[in-house]
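Visitor: 3D model of this:
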Amino acid sequence: MLPTRLTPRGRASLKKASAAVRSVEVRMLAGLTETERSDALRILRSMIHSLRDGDPDA
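Guide: Presented below is the predicted three-dimensional model:
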């Protein structure tokens, strides 16, 4: 990886995108128990691992 620097406009875009992602996360997890949230995280990590194993460039 190469180091990167964001412009002020890039930082503003990143902040806006991060807020949008967080909003989706909150909506997705609404109504789940802590155990369900933990299970979901474990399952998603397993899926990501499987996808990466299938593509060495991922």
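
Visitor: Any idea how far stretch 17-36 is from the middle of the chain?
Guide: Taking Cα atoms, centre = their mean, to the nearest Å, one finds stretch 17-36 lying 11 Å from the centre of the chain it belongs to.

Visitor: separation between the residue minimising distance to the centre of the chain and G54?
Guide: For the chain, the residue nearest the mean C-alpha position is V21 (7.5 Å; Cα atoms, centre = their mean). Computed as Cβ to Cβ, to the nearest Å, the V21 to G54 distance reads 24 Å. (C-beta placed from N, C-alpha, C; glycine too.)

Visitor: next one: P3
Guide: Distance from P3 to G54, by Cβ to Cβ: 29 Å.

Visitor: Compare these two (neighbour count), which wins?
Guide: Neighbours per residue (other Cβ atoms under 10 Å) separate P3 from G54, with G54 holding more: 8 against 4.

Visitor: On the pLDDT front, check the more buried one for me.
Guide: pLDDT, G54: 75.

Visitor: Give the residue spans of the chain that score low on pLDDT.
Guide: The model of the chain has pLDDT under 70 over residues 55-58.

Visitor: For this structure, just list every one of the helices.
Guide: 8-29, 34-54 (DSSP state H).

Visitor: From the chain's centroid, how far away is the first one?
Guide: By that I understand helix 8-29. Distance of helix 8-29 from its chain centroid, counting by Cα atoms, centre = their mean, is 10 Å.
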